[in-house]
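Engineer: below: sequence and its predicted model.
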Amino acid sequence: MNGRIEPQDQRIKVADGVELRVLSWEPAHAPADSVVPPGPFILVHGLASNARLWDGVARRIAAAGARSAAVDLRGHGHSDKPDGGYDFATISEDLRGLIAALGPSFERPVLVGQSWGANVVLDFAVRYPQLARGIVLEDGGLTDLQDAFPIWDICWERLAPPPLVGVPLASVESYFRSSHADWPEEGFEGSLGNFEIRADRTIAPWLTRARHKLILQALWGQRTADLWARLGVPVLIVPVDGAEADWTKAKRAGADAAEEAARASGLPLRVKWFEGDHDIHAQHPAELAEAILSAEREGLFSGPTVSR
């Protein structure tokens with residue numbers, strides 16, 4: 001293991017016929033008697049991604065003395081892949097079952113979600129505010145697909161995943177190395193975890209095209225303004241300026257709207273911008289972990305909840 005903190009890899013039943021793969025990271029040291037330990041944290045990946053992309057963040061959270069659990073959501077990674085249940089209500093119910101199964105050490109976690117995962121944890125916190133101390137939204141949960149694509153068929157045409165089944169692994173590795181040259185090795189390795197690597201050294205996305213479509217359609221139907229109006233737990237917003245002017249402008253407008261909703265309700269909220277890639281947790285895990293832990297140390301997630 002080269003002295004590195006490593007997770008426990010386990011499967012947890014969350015629904016009839018559905019087990020999720022979970023990487024549980026224990027704290028590297030016990031806190032002093034006078035210190036309230038940070039965490040726990042539940043780490044939720046984005047669309048067509050996987051739990052291993054959180055390795056760099058989770059390892060640093062563990063080194064800071066906190067526990068976390070990164071999950072492969074249904075249809076993804078090494079979790080079960082039923083044909084249905086890709087709407088927000090069911091995904092949030094899966095997370096509810098996961099938190100219950102993890103037991104008292106994960107009571108009222110902070111849920112950290114990236115991209116679609118941010119929309120998932122936002123939805124979860126609205127549905128189950130009593131189960132979360134707060135949420136962290138990494139480059140998600142601020143914009144609505146319907147604003148960019150008023151017609152679903154056009155949305156699917158533009159955002160459908162490329163045909164990757166059967167692509168040589170060497171080609172995928174070369175693409176990741178060239179397009180993410182500044183990523184640490186664990187981020188690169190985590191990206192390969194998005195795929196089944198077949199005996200002939202070709203790949204296939206763990207998330208099938210049909211299930212990808214179901215998730216994207218649910219995301220297209222979600223209206224984040226409705227969720228922000230109902231949110232009652234503290235939130236850290238971590239948007240990314242990826243040098244894409246129109247998208248960044250939309251995210252800034254979404255962050256401004258979220259701040260306005262929080263001021264109106266008295267909800268504790270902080271915004272911390274990053275510059276870089278959409279997968280900032282893979283590109284800059286140390287910096288993201290520190291942003292999360294700083295918010296924890298400074299009491300953001302100990303702030304008041306808001307009754308809705």
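Structural biologist: That came through fine. Just so it is clear, the model here is predicted, and its values are computed rather than measured.

Engineer: quick one: the strands in the protein, in order.
Structural biologist: Secondary structure of the chain by DSSP state E: the strands cover 8-15, 18-25, 41-44, 68-71, 110-114, 134-138, 167-168, 195-197, 202-205, 235-238, 240-241, 269-271, 274-275.

Engineer: which of these sits closest to D83?
Structural biologist: Taking Cβ to Cβ as the criterion, D83 comes closest to strand 18-25 out of those, the separation being 11.4 Å. For the C-beta atoms, the positions are set from N, CA and C on the backbone; glycine is no exception.

Engineer: given that closest one, what are its sheet partners and their directions?
Structural biologist: Each strand that pairs with strand 18-25, with its direction, by DSSP bridges: strand 8-15 (antiparallel), strand 68-71 (antiparallel).

Engineer: give me the residues contacting it.
Structural biologist: For strand 18-25, the surrounding residues in contact (Cβ atoms under 8 Å, 6 or more residues apart in numbering) are 5, 7-14, 51-52, 54-55, 58-59, 61-62, 67-74, 77-80, 82, 85, 94, 98, 102.

Engineer: generate a PyMOL selection restricted to the buried subset of the residues you listed.
Structural biologist: Here is the PyMOL command that picks out the buried ones among those, judged by 16 or more other Cβ atoms under 10 Å:
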select buried, resi 5+7+12+14+51+52+54+55+58+59+61+62+67+68+69+70+71+72+73+74+77+78+79+80+85+94+98+102
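
Engineer: so who does the spatially closest residue to G97 that is not a sequence neighbour touch?
Structural biologist: In space, G97 comes closest to V14 once its chain neighbours are excluded; the distance is 3.5 Å by Cβ to Cβ, 6 or more residues apart in numbering. The neighbours of V14, taking Cβ under 8 Å, 6+ apart as the test, are L20, E93, D94, L95, G97, L98, A101.

Engineer: please apply the same query to I292.
Structural biologist: Listed by Cβ under 8 Å, 6+ apart, the contact partners of I292 are F41, V57, I61, V110, V112, V136, L236.

Engineer: E189: which of these is nearest?
Structural biologist: Using Cβ to Cβ as the measure, the one of the contacts of I292 that approaches E189 most closely is V57, at 14.0 Å.

Engineer: what about that closest one, how many residues nearby?
Structural biologist: Applying other Cβ atoms under 10 Å, we find 31 residues neighbouring V57.

Engineer: so it touches E287, yeah?
Structural biologist: No. Contact status for V57 versus E287: not in contact, 9.7 Å apart, counting by Cβ atoms under 8 Å.

Engineer: before we move on, the earlier item: now render the contacts of I292 as TSV, adding pLDDT.
Structural biologist: Conversion of the contacts of I292 to TSV gives the following (pLDDT from 0 to 100):
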residue	pLDDT
F41	98
V57	98
I61	97
V110	98
V112	98
V136	98
L236	98
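
Engineer: which of those are buried?
Structural biologist: Neighbour-count burial within those applies to F41, V57, I61, V110, V112, V136, L236; the criterion is 16+ other Cβ under 10 Å.

Engineer: roughly how far does the residue nearest to G97 sit from L169?
Structural biologist: The spacing between V14 and L169, counted by Cβ to Cβ, to the nearest Å, is 31 Å.

Engineer: show me the residue at the heart of this structure, geometrically.
Structural biologist: Centroid check for the chain by Cα atoms, centre = their mean gives G113 as the closest residue, at 2.5 Å.

Engineer: so how far is P168 from that one?
Structural biologist: Between G113 and P168 the distance, using Cβ to Cβ, works out to 32 Å.

Engineer: now do H281
Structural biologist: Distance from H281 to P168, by Cβ to Cβ: 27 Å.

Engineer: more neighbours: which of the two?
Structural biologist: H281 (32 against 12).

Engineer: quick check, pLDDT for the more buried one.
Structural biologist: Here, the pLDDT recorded for H281 equals 98.

Engineer: what's it in contact with, if anything?
Structural biologist: Taking Cβ under 8 Å, 6+ apart as the definition of contact, the neighbours of H281 are L53, W54, G56, V57, Q114, E138, L288.

Engineer: list the contacts of the fourth one.
Structural biologist: By that I understand V57. So V57 contacts L43, S68, V112, H281, P285, L288, A289, I292 (Cβ under 8 Å, 6+ apart).

Engineer: now stretch 88-101: how far from the chain's centre is it?
Structural biologist: Taking the mean C-alpha point of stretch 88-101 and that of its whole chain, the gap between them comes to 14 Å (Cα atoms, centre = their mean, to the nearest Å).

Engineer: so how far is G56 from H29?
Structural biologist: The spacing between H29 and G56, counted by Cβ to Cβ, is 19 Å.

Engineer: and these two? Which one has more around it.
Structural biologist: Regarding H29 and G56, a neighbour count based on other Cβ under 10 Å identifies G56 as having more, with 24 against 11.
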